[in-house]
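Asker: Whatever this is, show me its structure:
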Amino acid sequence: MRKYEIYPTCHDFFEYHGNNEIVRIRNQNGTAIRQDWLIFDSPDEAMEYFNTKCGEFAGYYH
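Answerer: Take a look at the predicted model:
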């Protein structure tokens, strides 16, 4: 799943693939300028964080 947040100077994309990691990719002017991995103790904790703390829903991977 993917969610995003929009700021005046950049866009943050959050990606969750069903494990215990969430990736935050910060784009500025179409270029990825930063990539952070958020690591959790379990997939359940990661899913809860993704559903409650990340931006709005953007879609699933195909």
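
Asker: give me the beta-bridge partners of W37?
Answerer: Here W37 sits in beta bridges with V23, as judged by DSSP bridges.

Asker: Tell me how far it lies from R24.
Answerer: 8 Å (Cβ to Cβ, to the nearest Å). Quick note: C-beta positions are derived from backbone N, CA and C, even for glycine.

Asker: Which one's more surrounded, those two?
Answerer: The neighbour comparison of W37 against R24 (other Cβ atoms under 10 Å) goes to R24, with 17 against 8.

Asker: For that one, which residues are in contact?
Answerer: Residues in contact with R24 (Cβ atoms under 8 Å, 6 or more residues apart in numbering) are 12-14, 34-38.

Asker: what residue lies at the spatial centre of this structure?
Answerer: Closest residue to the average C-alpha location of the chain: F14 at 1.0 Å, with Cα atoms, centre = their mean.

Asker: That one and V23 touch, don't they?
Answerer: Yes - counting by Cβ atoms under 8 Å, F14 touches V23, with 7.1 Å between them.

Asker: where does this structure have low pLDDT?
Answerer: 56-62 (pLDDT under 70).

Asker: now with 50?
Answerer: Low-confidence segments of the chain (pLDDT under 50): 61-62.

Asker: Quick check: bridge partners of the residue nearest to the centre of the chain?
Answerer: When bridges are called by DSSP bridges, F14 pairs up with K3, R24.

Asker: can you give me the strands in this protein?
Answerer: Along the chain, counting by DSSP state E, strands occupy 2-6, 11-16, 21-28, 31-39, 56-59.
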